[in-house]
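Enquirer: Provided below are the primary sequence and the corresponding predicted coordinates.
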Amino acid sequence: MLRPNRLTPLLALPLLGGCNTVVMNPAGDVARQQADLILWSTGLMLLIIIPVMILTVLFAWRYRATNKDAEYRPNWDHSTGLELIIWSAPLLIIIALGALTWVSTHTLDPYRPLGRLAPGQAVPANDRPLEVQVVSLDWKWLFIYPELGIATVNELVVPANRQVRFRLTSSSVMNTFYVPAMAGMIYTMAGMETRMHAVLNRQGRFAGMSANYSGAGFSYMNFPTLSVDQAGFDRWVAGVRGSGLQLRRDEYLQLEKPSEKVPAMRFAAVESGLFDRIVQMCVRPGETCMGATAAHDHRQPGSHPPVNDRQPRAGEPEGALQKAPHETETSPHTTAPHGQPKGNTGRGDQSNRNMTRLELPALPGTARSAQG
């Protein structure tokens, strides 16, 4: 007899009907197309998996030891019809999956601007996407709205039915930006910029998270994503501008320090070009931006000294790159045989077992030795 405490999980099963699997029931058109891709791919694969599972059970039952009516053909070795089914069905499914993947991969390219906001709803020709610059920090998220001149920490708000263009980077280790209701995950990397276009078609509050382990505070890298109408978005922007806080280099460098469980923060003003400096890894005073270094390297030869223009210290040899071709020398090959090896005609001689040797430098007070 089952005890009451063991029946509790069974009684909770009907409640699972109210669960919302956000990946398969998203609020954004991009995520909806990705969910459809999962369903189509699964269905195509089940076309071969389900018949195989059914036939496995059917064959086991039909040709069981106790079934004396089953035809016994011990010399059977080939069936053209069966070979056609075995090879053609999987081949057709693979072709269909390949075509579906090819089309979907290009259609859902995160770098590609959206072609529609929803099924049957094209993006207006004069509609500009809302740009949001995303920085993954240890262990929090920074969102900069460059057109509005505001920024937030651990709070993302976007207007519904408007295309959003994300520009993403990281302050340190690689991370992953993921709002399941809006689109698939995309990586953020230090010194690099990734992009993503997405839209939320329903108003509401959705979960945002980091989907790539990035250290001790990774578990708390969550943020709410709010989808509101345009009027609600304008009110939210006005509220952020009333916070009075400013995000300049000094404030960013303090924010960049590792911290956990950071509450939502709002900044009424953001220093111009801060995101680009984060990508170029030159926020701190005196740091050279990677773009400036690259431009310095690509100037015409002879117009500037090499990037490695540090003068050698006293007694330091000049580097090989600074020498003329006739000044370079090859290092001695100490492991090659020196002269005619001994013992090559003496049967069993140990010298036959070692045709090379390594000459070690002699230590003070000892003689030079050879090691095989």
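Expert: Okay, I see it.
Enquirer: what are the ranges of the strands in the stretch 151-300 of the chain?
Expert: Defined through DSSP state E, counting those that start in this stretch, the strands belonging to the stretch 151-300 of the chain, from first to last, are 156-159, 164-170, 175-178, 186-188, 194-198, 204-210, 222-228, 246-247, 265-267, 269-270.
Enquirer: Could you do the stretch 1-150 of the chain as well?
Expert: 116-118, 121-122, 130-137, 140-145, 150-153.
Enquirer: now the ones you listed in a markdown table, with mean neighbour count, mean pLDDT and distance to residue 95?
Expert: Heads up, the C-betas are built off the backbone N, CA and C, glycines and all. Formatted as a markdown table, the strands of the stretch 1-150 of the chain follow (neighbours: other Cβ atoms under 10 Å; pLDDT from 0 to 100; distance: least, Cβ to Cβ, whole Å):
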| stretch | mean neighbour count | mean pLDDT | distance to residue 95 |
| --- | --- | --- | --- |
| strand 116-118 | 16 | 90 | 27 |
| strand 121-122 | 12 | 88 | 31 |
| strand 130-137 | 22 | 96 | 38 |
| strand 140-145 | 23 | 96 | 42 |
| strand 150-153 | 24 | 96 | 47 |
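Enquirer: Now render those as TSV, adding distance to residue 215.
Expert: As requested, the strands of the stretch 1-150 of the chain are exported to TSV (distance: least, Cβ to Cβ, whole Å):
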stretch	distance to residue 215
strand 116-118	37
strand 121-122	41
strand 130-137	11
strand 140-145	12
strand 150-153	17
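Enquirer: Nearest to residue 170, out of the ones you listed?
Expert: Of all the strands of the stretch 1-150 of the chain, the one in closest proximity to residue 170, counting by Cβ to Cβ, is strand 130-137 (4.6 Å).
Enquirer: So what touches that closest one?
Expert: 141-147, 156, 158-159, 162-172, 175, 177, 188, 210, 214, 221, 255-256, 275, 278 (Cβ atoms under 8 Å, 6 or more residues apart in numbering).
Enquirer: could you redo the last one with a cut-off of 7 Å?
Expert: Contacts of strand 130-137 with the rest of the structure, by Cβ atoms under 7 Å, 6 or more residues apart in numbering, involve 141-147, 158-159, 162, 164-171, 175, 177, 188, 210, 255-256, 275, 278.
Enquirer: I'd like to know which of those residues are buried.
Expert: Buried members of those, scored by 16 or more other Cβ atoms under 10 Å, are 141-146, 158-159, 162, 164-171, 175, 177, 188, 210, 255-256, 275, 278.
Enquirer: With mean pLDDT and distance to residue 107 added, can I get the strands of the stretch 151-300 of the chain in TSV?
Expert: Compiled in TSV, these are given as follows (pLDDT from 0 to 100; distance: least, Cβ to Cβ, whole Å):
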stretch	mean pLDDT	distance to residue 107
strand 156-159	96	22
strand 164-170	96	17
strand 175-178	95	20
strand 186-188	95	16
strand 194-198	95	12
strand 204-210	94	23
strand 222-228	95	23
strand 246-247	94	36
strand 265-267	95	36
strand 269-270	94	34
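Enquirer: Let me have these in CSV, extended by distance to residue 85.
Expert: Below are these laid out as CSV (distance: least, Cβ to Cβ, whole Å):
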stretch, distance to residue 85
strand 156-159, 51
strand 164-170, 47
strand 175-178, 42
strand 186-188, 41
strand 194-198, 43
strand 204-210, 45
strand 222-228, 48
strand 246-247, 65
strand 265-267, 63
strand 269-270, 63
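Enquirer: Could you pull out the buried residues of the lengthiest helix in the chain?
Expert: Counting by DSSP state H, the longest helix found in the chain is helix 29-62. Across helix 29-62, burial judged by 16+ other Cβ under 10 Å covers 29-35, 37, 44.
Enquirer: Kindly report the same for stretch 240-251.
Expert: Buried residues in stretch 240-251, counted by 16+ other Cβ under 10 Å: 240, 247, 251.
Enquirer: ok so, going back, and the strands of the stretch 151-300 of the chain: which comes nearest residue 87?
Expert: Among the strands of the stretch 151-300 of the chain, strand 186-188 comes nearest to residue 87, with 38.4 Å by Cβ to Cβ.
Enquirer: partners of that closest one in the sheet?
Expert: Paired neighbours of strand 186-188 in the sheet (DSSP bridges): strand 175-178 (antiparallel).
Enquirer: what about the helices in this protein?
Expert: Listed from the start of the chain, the chain has helices (DSSP H) covering 4-12, 29-62, 80-107, 230-241, 249-256, 274-279, 290-297.
Enquirer: Now the residue most central in space within the chain. Nearest residue, chain neighbours left out?
Expert: With distances taken as Cα atoms, centre = their mean, the residue of the chain nearest its centroid is residue 187 (3.8 Å). When the adjacent residues along the chain are set aside, residue 187 lies closest to residue 176, with 5.5 Å between them (Cβ to Cβ, 6 or more residues apart in numbering).
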